[in-house]
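Enquirer: Would you be able to build a 3D model of this:
(one chain, ligands or ions: 1)
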Amino acid sequence: MKKRLAVFAAMTAALCMSAIGASADEDLITIGFAQVGHESDWRTASTQSCQDVFCEENGYDLQFVDCDNDSAAQLEAVRSFIEQDVDYIIIDPIVSTGWDEVLTECEDAGIPVIVIDRTIDDSDKYAAWVGSNFTTEGLACGEWLKAYAEAKGIEEINALVIEGTTGSSAAIGRTEGFQEIADREGWTILDSQDGDFTQTGGQEIMESYIKSYEGQFNVVICQNDNEAFGAMDAMTAAGISYGVDGDVILVSFDACTAGLEYVQSGDINADFECNPLAAPFVEEVIQQLAAGETPESTVYMEEHWYVNEDIIETITVDGEEQTMTVVTDEIVEAQY
Ligand code: AHR
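Expert: Residues are numbered from 1 along each chain as shown. Here you go, the predicted model:
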């Protein structure tokens with residue numbers, strides 16, 4: 001399988017001016033996009049990215065469906081796109097399984113599918129996938145925690161994990177990656193439950209963790225920023241201190257603007273980016289398909305690992321040296 005690291009930096013500015021050279025006379029290219037929902041800041045940025053790129057000025061008619069984290073509704077949305085005979089279908093799969101039948105229907109209808117963000121693990125009937133390596137994110141989180149604990153003289157790790165939506169590849173990969181390092185280092189994971197990638201979910205799970213494990217944990221891993229915001233509210237209400245000056249090391253994923261602000265203020269110790277700006281790369285795939293070319297099957301987004309303190313400069317993830325970036329005003333301002 002060919003792999004390409006997507007370098008997105010210079011591509012965002014002229015998005016609505018780019019596209020496939022559409023003029024008022026040409027037909028718009030119709031795209032159906034079955035989006036997961038609106039559960040997080042990350043999701044809002046992902047939706048905005050698609051709406052910015054697949055706008056009418058760029059020659060597109062975007063049929064957008066917010067599936068509200070409901071897998072049945074997502075399958076229904078894809079089938080409605082087939083009925084409408086759209087030109088391309090974009091799917092961000094809520095869960096990674098249960099896809100082969102509907103993707104076969106897309107194939108039979110001759111409609112190319114592009115998968116973004118989360119993966120589909122039980123079918124290969126799509127043209128390309130553009131997204132993040134969630135296992136690498138989880139591994140990076142574990143490797144950073146190991147180095148950070150050593151630097152701070154912390155000998156024991158007793159962690160609580162607030163996972164993302166059960167069955168989503170984002171939750172599966174981050175859980176597996178972190179678990180691998182925890183097993184290797186002999187850490188204790190006291191509990192690991194689904195917070196559904198929402199602030200309410202993060203707060204509720206953290207409240208129940210505090211009831212069960214108060215005084216027993218020194219690390220909380222939240223699988224996205226919104227869960228971390230909820231966990232912070234729960235810990236603050238319970239008088240538990242967290243972050244760089246606190247008793248609990250708080251780690252998050254996504255690194256959206258608000259998440260990075262909390263890293264900068266020291267409330268979140270580290271935030272592992274999940275880049276939501278996939279749409280420009282999806283447009284490239286569509287342009288290649290339209291030209292009769294075969295796009296690369298797998299496109300990884302470029303991502304960074306963010307921290308507050310300048311004490312761990314690099315970590316090694318799967319044999320590769322990776323940089324830890326201290327959050328600055330410029331980074332926060334440039335983030336989505
Ligand atoms: O699939 C990506 C994950 O889904 C992001 O981490 C989370 O914020 C979103 O809801």
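Enquirer: Alongside the ligand, which residues does the stretch 51-200 of the chain contribute?
Expert: 117, 118, 164, 170, 197 (C-beta under 6 Å from any ligand atom). For the C-beta atoms, the positions are set from N, CA and C on the backbone; glycine is no exception.
Enquirer: Rebuild those as TSV, extending it with secondary structure.
Expert: Shown next, in TSV, are these (DSSP: H, G, I helix; E, B strand; the rest coil):
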residue	secondary structure
117	coil
118	coil
164	coil
170	helix
197	coil
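Enquirer: Just the buried ones from the residues you listed, in ChimeraX syntax?
Expert: Selection of buried members from these for ChimeraX, criterion 16 or more other C-beta atoms under 10 Å:
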select :117,118,164,170,197
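Enquirer: Show me which of the residues of the stretch 51-200 of the chain next to the ligand is closest to residue 105.
Expert: Of all these, residue 105 sits closest to residue 118, with 20.0 Å by C-beta to C-beta.
Enquirer: I'd like the distance between that closest one and residue 130.
Expert: 11 Å (C-beta to C-beta, to the nearest Å).
Enquirer: in a helix, that's where residue 294 is, yeah?
Expert: No. Using three-state DSSP, the secondary structure at residue 294 is coil, not a helix.
Enquirer: thought it was touching residue 288?
Expert: Yes. Residue 294 is within contact range of residue 288, at 7.3 Å (criterion: C-beta atoms under 8 Å).
Enquirer: how distant is the longest helix belonging to the chain from the center of its chain?
Expert: Taking DSSP state H as the criterion, the chain has its longest helix at helix 134-152. Offset of helix 134-152 from its chain centre (C-alpha atoms, centre = their mean, to the nearest Å): 18 Å.
Enquirer: What pairs with the helix or strand that it is followed by, parallel or antiparallel?
Expert: Elements were assigned by DSSP states H and E; along the chain past helix 134-152, the next helix or strand is strand 158-163. In the sheet, strand 158-163 lines up against strand 188-194 (parallel), strand 219-222 (parallel) (DSSP bridges).
Enquirer: Wait, a helix at residue 120?
Expert: No. Per three-state DSSP, residue 120 lies outside any helix segment and is coil.
Enquirer: Just give the nearest non-adjacent residue to it, would you?
Expert: In space, and not counting its chain neighbours, residue 120 is closest to residue 99: 4.7 Å by C-beta to C-beta, 6 or more residues apart in numbering.
Enquirer: The one you found: what's it in contact with?
Expert: 93, 120, 122, 123 (C-beta atoms under 8 Å, 6 or more residues apart in numbering).
Enquirer: wait, which of the residues you listed is closest to the ligand?
Expert: Among the contacts of residue 99, residue 93 lies closest to the ligand (C-beta to the nearest ligand atom), at 9.2 Å.
Enquirer: Please, which helix or strand holds residue 324?
Expert: Short version, using DSSP H and E: residue 324 is in strand 320-326.
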